[in-house]
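[1] coordinates for the following, if possible.
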Amino acid sequence: MRTILFILQKEFIQVFRNKTMLPIIFIVPIFQLLVLSFTATFEIKNINLFIVDQDLSPTSRELAAKFGGSPFFTIVGSSGIFDEAEDAVINNETDQILQIPADFDKDLETDKKASLQLTTNAINGSAASLMNAYALSIINEYNTGIIVERLGLRNTPEPIKISRAFWYNPELNYFTYMVPGILVLLVTVISAFLSAMNIVREKEIGTIEQINVTPIRKYQFILGKLIPFWFIALFELAFGLLLAKLVFNIPMLGSLGLVFFVAGVYLLVALGLGLLISTLSNTQQQSMFLTFFFMIIFILMSGLFTPVQSMPEWAQWMNQVNPIAYFIDVMRMILLKGSVFSDISQQFYSLLVLALILNVLAVWRYRKVV
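    Numbers count the residues shown, from 1 in each chain. Modelled structure (predicted):
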C-alpha cells in the first residue's frame, strides 16, 4: 500500500506540473459540454421556406401566413413562378417550397377539395423528414380549420378528446435528452486518452526503465497509473452534473450516489482500455490513433446520436461490448426516470465484467523485468 501511495504522489505531481495538460483536463471538457449541448441536436428550428403562390387569393394568403407565424419556418421568398423557387433550392437559399396552384380557393369552394405541392431538399434525409412533418402539421391544422368553419361545426363539442402526456421529458426539451449522454462522452474521452498516453509518456522520456528495475510490482504500477485519473474523471463528472443542473436545468430524479457508484466502475473500464492501449504502443502518437479508433466506433454505436434499436442486428450484437452505450443508458435512466439499482443491474454487471477483463489484460500485457 505504501508503494502505491508513493506512485500516486508522483503521478499527481506530474499531472499538476504539466501546464499544457491542466487545461485539457479541466477547461476543455467544460467548454465542450457547453458547446456540444447546443450544437449536437437534431431539432430543426429555422427552416427556410419559399412560397409559390399562383392563386393570390385570401385563402392562399391565409395559408402562407400560417407558415410565417410558425417559429420553425422563415419565409425567404415569394413568387408566382416555380422555377425561381427551384433555383433557390439549387443555390441552397431555401429548404422547402410550398406551391399553391391557381384556382386553389375556387376548388375549395366548388369541389370541396384542393391540392398543394410541398417540395423538400432531401439531401439530409433525417432533416427532410422533420421538415416535412412540421409542414404537414401546419397544413393539416389549417385543413381542419377550414372543415370546421365551412361545415358550421365551430361550436360542436369534440366527440373524442385527446390529451397528451410525455413521461420523463414532458416539455420535449432536447437538452434533457442530450446533455447526460454528452457528459458521458466527455468524461470517457478525457479519461481514456490521458490513461492511454500515460505509460507511453514514461517510455518516451526514458523513466520507464528506471521503474522497471525497482521492486514495484505490475499491479502496483498499474493502480498507481489508474487511480489519479479515476479521481480526476469523477471530479469532472461532478462538475459537469453541476453545470448540467445550473445551465440546462437537467432533472435529477434518481440517486446521485448511484450515479457515482456506477461511474466509478465505468471509469475503470475507460481507464483500463486506455492503459491497455498504452502498454501496446511505443509512442504517444500510436496510442492516440488507437484510442481514437476505438472511441469513434464506441461513440457512434452508443445510441447518443441515433437509437440503437434502429441499427442492424449485427451492430446491436456488437454493442454488447460497448461500455459507452451502457453508461449512457444508466445516466439517462437514473437522472430522467429515477431508476434504482435493480433497473440498471444488467448494465452495471456488464460494465463490471468489462472492467475486470480490460484491467487484467493491462496488468498482464505490461512487461516488467522483475
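[2] tell me the pLDDT of the most far-flung residue of the chain relative to its centre.
    Each residue of the chain has a distance to the centre, and by Cα atoms, centre = their mean the biggest one is for Thr110: 51.0 Å. Listed pLDDT for Thr110 reads 78.
[3] check contacts around it.
    For Thr110, no contacting residues are found, by Cβ atoms under 8 Å, 6 or more residues apart in numbering. Any C-beta I mention is one placed from the backbone N, CA and C, and that applies to glycine too.
[4] repeat the analysis, applying 10 Å as the threshold.
    Going by Cβ atoms under 10 Å, 6 or more residues apart in numbering, Thr110 touches Asp103.
[5] next one: it from Leu63, what distance?
    Computed as Cβ to Cβ, to the nearest Å, the Thr110 to Leu63 distance reads 18 Å.
[6] domains of the chain?
    As assigned by automatic domain parsing, the chain contains the domains 2-40+175-365, 47-150.
[7] turn these into a markdown table, columns for distance to Ser163.
    Below are the domains of the chain laid out as a markdown table (distance: least, Cβ to Cβ, whole Å):
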| stretch | distance to Ser163 |
| --- | --- |
| domain 2-40+175-365 | 21 |
| domain 47-150 | 17 |
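[8] wait, which of the ones you listed is closest to Arg164?
    Nearest to Arg164 among the domains of the chain is domain 47-150; the distance by Cβ to Cβ comes to 13.7 Å.
[9] please, where are all the strands along the stretch 101-250 of the chain?
    117-120 (DSSP state E, counting those that start in this stretch).
[10] contact partners for the residue most central in space within the chain?
    The centroid of the chain falls nearest to Leu304 when counting by Cα atoms, centre = their mean (4.1 Å). Neighbouring residues of Leu304 by Cβ under 10 Å, 6+ apart: Ala40, Tyr177, Met178, Pro180, Gly181, Ile182, Val184, Leu185, Phe298, Ile324, Ala325, Ile328.
[11] how about 6 Å then?
    Shown in contact with Leu304 (Cβ atoms under 6 Å, 6 or more residues apart in numbering): Gly181, Ile328.
[12] start the count at 57, not 1, going forward
    Right, with 57 as the first residue, what we last looked at is Leu360.
[13] in three-state terms, how would it be classified?
    coil (DSSP: H, G, I helix; E, B strand; the rest coil).
[14] picking that back up, okay, the domains of the chain, which one's buried deepest?
    domain 58-96+231-421 (a mean of 18; mean count of other Cβ atoms under 10 Å).
[15] mean confidence score for it?
    85.
[16] and the gap between the spatially closest residue to Ile283 that is not a sequence neighbour and Leu302?
    The shortest distance from Ile283 to any non-neighbouring residue, by Cβ to Cβ, 6 or more residues apart in numbering, is to Leu64 (5.9 Å). According to Cβ to Cβ, Leu64 and Leu302 sit 32 Å apart.
[17] same thing with Ile179?
    Relative to Leu302, and taking Cβ to Cβ, Ile179 is found at 38 Å.
[18] and stretch 323-338, how far from the chain's centre?
    Averaging C-alpha coordinates over stretch 323-338 and over its chain gives two centres that are 24 Å apart (Cα atoms, centre = their mean, to the nearest Å).
[19] in which helix or strand does the closest residue to Gly280 other than its chain neighbours reside?
    Distance criterion Cβ to Cβ, 6+ apart; nearest residue to Gly280, sequence neighbours excluded, is Ile63 at 2.8 Å. Ile63 is part of helix 58-73, with elements assigned from DSSP states H and E.
[20] packing partners of that helix?
    Judged by 3 or more Cβ pairs under 6 Å, 6 or more residues apart in numbering; DSSP states H and E, helix 58-73 is in contact with helix 274-304.
[21] counting contacts, what elements does the helix or strand following the helix it packs on pack onto?
    Next in sequence after helix 274-304, counting helices and strands by DSSP H and E, comes helix 312-336. Taking 3+ Cβ pairs under 6 Å, 6+ apart as contact, the helices and strands that helix 312-336 lies on are helix 230-261, helix 274-304, helix 340-356, helix 379-393, helix 397-421.
[22] against Phe106, how distant is the nearest residue to Pro284 once chain neighbours are set aside?
    Nearest in space to Pro284, with sequence neighbours left out and distances taken as Cβ to Cβ, 6+ apart, is Glu67 at 4.4 Å. Computed as Cβ to Cβ, the Glu67 to Phe106 distance reads 60 Å.
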